[in-house]
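Chemist: Need a 3D model of the sequence below.
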Amino acid sequence: MRNRRLGESRRVFDTAAVVLLGICIIGWAGCRTLSNWRLIGWSADYDSAERRVLETGRDMLIWYTDPLPGKSDPLDEVLHEPAVKDLTKPYVRCKLSRSYEPDRRYVAQFGVERAPALIVVHTDGTYHALTGMMSVETVRRGLTKAVAPGDVPTFNHLIPRQAEYHWHSNIEVAREASASSGRPILVVYYRSLSRDWPRLERLLTRREVYRRLAEMVHCRINTLRPWSKAQITEFGALKLPALVITRNDGSYETLEMPTSYETIVRFADRFRQTEATANARAGADSEHP
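Modeler: Numbering: from 1, shown residues only. A predicted model of the protein is given here:
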């Protein structure tokens, strides 16, 4: 009898524990949902926000926050006032947190060291920043006046970034994207059914490589002849795998059979140096026709 009662007590206890756990999970989920529902329309990281800027050609608005435990950011209510919310809609909106070290490094590029802050990053690379406690009118006035060009940021190339290439499989489609955006094209040639792509992917996703190639239009083309060591392309005969970076004027640079990420870094830097020299020469020619 005693054992029977103990068994029943245990079952009651186990049932109560399960019910309590379920209530806690539902409550946690509910609180999490309530705390995040207002983030709809705001990216939670700078990588996705920057990609959205490239896709849309819109300026970026950064909301830099550091709420105290148990308290909300004072800018939360201000940004969701209708008079302010309408002004933020044209932007690619991004919310960053002071508690995350890479976010601190990211906003420091724009001269911001404390939260709360709002930063408008224009497509020309310049910015306007508002810091400290802000009222609805302060934010409205600041966003209205934030017209490019603004201040020049101090870029930090050591900020960690998630490598995410958006590959086209057709060179003509890539050219159309390049023509509409003004960006150069990275073309990758490799052999199918070989180890070319796994090796290249490891090199291309290195932080040092990705930050140099991220803003280009990306195109990769494979050949179904894995035994072939070279391929005839519109850029000439290339030993595979190979990288090509093309400019809008049709000129290009090639790199055959890269073996290390350092090789690709030097290749990308050489391209940018050549491009900068050509742009400077073109500027001088326009001043002295």
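Chemist: can you give me the strands in the chain?
Modeler: 42-43, 60-65, 92-97, 117-121, 127-131, 167-168, 185-191, 217-223, 230-233, 236-239, 242-246, 252-256 (DSSP state E).
Chemist: Which of the ones you listed sits closest to Pro149?
Modeler: Among the strands of the chain, the nearest to Pro149 by Cβ to Cβ is strand 127-131 (9.4 Å). The C-beta positions use only the backbone N, C-alpha and C, and glycine is treated the same way.
Chemist: For that closest one, name the packing helices and strands.
Modeler: Secondary-structure packing of strand 127-131 (3 or more Cβ pairs under 8 Å, 6 or more residues apart in numbering; DSSP states H and E): strand 117-121, helix 136-145.
Chemist: what helices or strands is the last one leaning on?
Modeler: Here helix 136-145 touches helix 74-79, helix 82-88, strand 117-121, strand 127-131, going by 3+ Cβ pairs under 8 Å, 6+ apart.
Chemist: which stretch in those has the least confidence?
Modeler: Lowest mean pLDDT within these: helix 74-79, a mean of 89.
Chemist: Mind listing residues that contact that helix?
Modeler: Outside of helix 74-79, the residues within contact range by Cβ atoms under 8 Å, 6 or more residues apart in numbering are 38, 63, 65, 67, 84-85, 88, 116, 118, 133-136, 139.
Chemist: Mind doing that once more with 10 Å?
Modeler: 38-39, 42, 61, 63-65, 67, 73, 84-85, 87-88, 93, 95, 115-118, 130, 133-140 (Cβ atoms under 10 Å, 6 or more residues apart in numbering).
Chemist: Could you identify the buried members of those?
Modeler: 42, 61, 63-65, 67, 73, 84, 87-88, 93, 95, 115-118, 130, 134, 139-140 (16 or more other Cβ atoms under 10 Å).
Chemist: what does the model give Arg266 for pLDDT?
Modeler: pLDDT, Arg266: 95.
Chemist: returning to that earlier point: can you say which of the helices and strands packed on helix 136-145 is nearest to Asp269?
Modeler: Per Cβ to Cβ, nearest to Asp269 of the helices and strands packed on helix 136-145: strand 117-121, 24.4 Å.
Chemist: Could you tell me which strands sit next to that closest one in the sheet, and their orientation?
Modeler: Strand 117-121 sits in its sheet next to strand 60-65 (antiparallel), strand 127-131 (antiparallel), going by DSSP bridges.
Chemist: closest one to Tyr190 among those strands?
Modeler: It's strand 60-65; of these, that one is closest to Tyr190 (Cβ to Cβ) at 33.7 Å.
Chemist: any idea how far Pro116 is from Thr154?
Modeler: Distance of Thr154 to Pro116, computed by Cβ to Cβ, to the nearest Å: 21 Å.
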